[in-house]
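Engineer: Sequence and predicted structure are below.
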Amino acid sequence: MRNRPIADRSAIKSSTSRARSRCLSLFAGALCVSILTGCASRPITADLAYFPKNATAHVVHLKTFNALDDLVRVGEHWTDTLRGGLASPFVARPAGIAYRDNHLYICDPGANVVHDWDLESGKARKLGNGDDLAFGKPVAVAADADGNVYVADADRGDIVAIAPGADPHRFNAGRDAYRPVAIAARPGALLAADVAAHQIDVFDIPGGAARSSFGGVGSDAGKLYYPAGVAVDGAGNIFVSDMMNSRVQGFTPDGSPLISMGQPGDRYGDMGKPRHLAVGPDGVIFVADPEFSRVHVFNAQGQLLMLLGEDEGIGATPMPVGVAVAESLPPGIAALVPDNFEAQYYLFVANSLGEKHISLYAIGIGLP
């Protein structure tokens, strides 16, 4: 049998080069298709439910979400496509939430981090998962106009201040068994609810020096029994969820009793175990009540306006624990508001049950 002549080496090299070029072209084409497909991802649509039912709507549910890309388009880099796609930031178990300058901050004690989601850019970061900062149990978060973020760490018994370009630092009231579970920022001060001492502490910020306190255990006016939420209105008045007294108390800026709303019971106007609360720019007060699976909505005079939410379905509030007001949202999210509704501001509600935990509502008035 005669041996076949060996092919010319240059011919083999040329053939291999052509094959490699074809493979690279096919890969580049597939990559472009993948990237373009990602850019043309499914549109984000609203899931509408109006409240109150059978009356002129003042609240409309826009979206319930667990991941950042449920609400905004998360930008992918081509390297993400190579890795099989971008893993969208996800909330395991939300608690306290806050909103400031297009950023949604979500305490996630299920993962012991605080999520910082930029709803305008679609970017995200996690606070508390680095060597310089770790949380025992982050349960409440607040942000101020200077870009500082404050986190109540209930297990470690202190508050963490995270300032732009600076190392985080911790502070507390210097008492034994200090346990902050709710915080709210106002110009120059941070208010923190301590369930161990049943009082509200006021700290200078950003330093954290203790300034004053008010409350103390009891059921009389001005006394507190497990304060679980704190918020401040535009006039500086302070509102506290008095959980075990089943009420919300209002205080003047210096901590003097001002108003009380709610009481134990199961009728309209009663409360179960109120938790975090928030105040709208119009003075309306939103109170998360996980025992009732509703958000109580009061006006500034303490009159109950409505109950927001349902047990299940679109717009449901299964065991709400956190609320945050946003006076405005990025245009892409604000576009979810239907044409038959005029939005004045927005409300985020964090629920401790359900497949998707965080709900977004528009507050305003339905149009004819």
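Structural biologist: Thanks, I have it. Numbers count the residues shown, from 1 in each chain.
Engineer: Buried residues, stretch 342-353. List them.
Structural biologist: Neighbour counts over stretch 342-353 (16 or more other C-beta atoms under 10 Å) mark 343, 345, 346, 347, 348, 349, 350, 351, 352 as buried. In this view, the C-beta of every residue, glycine as well, is placed from N, C-alpha and C.
Engineer: ah, wrong one, I meant stretch 167-184
Structural biologist: Going by neighbour count (16+ other C-beta under 10 Å), the buried part of stretch 167-184 is 168, 171, 172, 173, 178, 179, 180, 181, 182, 183, 184.
Engineer: now the buried residues of stretch 342-353 as TSV including secondary structure and pLDDT?
Structural biologist: Formatted as TSV, the buried residues of stretch 342-353 follow (DSSP: H, G, I helix; E, B strand; the rest coil; pLDDT from 0 to 100):
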residue	secondary structure	pLDDT
343	strand	98
345	strand	98
346	strand	98
347	strand	98
348	strand	98
349	strand	98
350	strand	96
351	strand	95
352	coil	91
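Engineer: Out of those, the closest to residue 326 would be?
Structural biologist: Among these, residue 346 lies closest to residue 326 (C-beta to C-beta), at 4.3 Å.
Engineer: and that closest one, what is it in contact with?
Structural biologist: Applying C-beta atoms under 8 Å, 6 or more residues apart in numbering to residue 346 gives the contacts 325, 326, 327, 328, 329, 360, 361, 362, 363.
Engineer: What of residue 306?
Structural biologist: The contact partners of residue 306, by C-beta under 8 Å, 6+ apart, come to 51, 52, 58, 59, 297.
Engineer: In JSON lines, list the residues you listed along with pLDDT and distance to residue 197.
Structural biologist: As requested, the contacts of residue 306 are exported to JSON lines (pLDDT from 0 to 100; distance: C-beta to C-beta, whole Å):
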{"residue": "51", "pLDDT": "96", "distance to residue 197": "37"}
{"residue": "52", "pLDDT": "94", "distance to residue 197": "38"}
{"residue": "58", "pLDDT": "97", "distance to residue 197": "38"}
{"residue": "59", "pLDDT": "98", "distance to residue 197": "36"}
{"residue": "297", "pLDDT": "97", "distance to residue 197": "30"}
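Engineer: Just the ones of those in strands?
Structural biologist: Judged by DSSP state E, the subset of these located in strands is 51, 59, 297.
Engineer: distance of the last one from residue 328?
Structural biologist: Right, the one you point to is residue 297. Distance, residue 297 to residue 328, using C-beta to C-beta, to the nearest Å: 20 Å.
Engineer: what sits up against stretch 168-177?
Structural biologist: Residues outside stretch 168-177 that contact it (C-beta under 8 Å, 6+ apart): 132-133, 153, 156-162, 178, 180, 192, 194, 196-197, 201, 203, 207-210, 213.
Engineer: May I have it exported as PDB, CA atoms only?
Structural biologist: Only the C-alpha atoms of stretch 168-177 are listed here, as PDB (Å, rounded to 0.1, in the frame of the first residue of the first chain):
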ATOM      1  CA  PRO A 168     -18.200  53.300  59.100                       C
ATOM      2  CA  HIS A 169     -18.500  54.000  62.800                       C
ATOM      3  CA  ARG A 170     -20.900  52.700  65.500                       C
ATOM      4  CA  PHE A 171     -22.600  54.600  68.300                       C
ATOM      5  CA  ASN A 172     -25.400  53.900  70.900                       C
ATOM      6  CA  ALA A 173     -26.900  55.500  74.000                       C
ATOM      7  CA  GLY A 174     -24.400  53.900  76.400                       C
ATOM      8  CA  ARG A 175     -27.100  51.800  78.200                       C
ATOM      9  CA  ASP A 176     -27.000  48.100  79.000                       C
ATOM     10  CA  ALA A 177     -29.000  45.900  76.700                       C
END
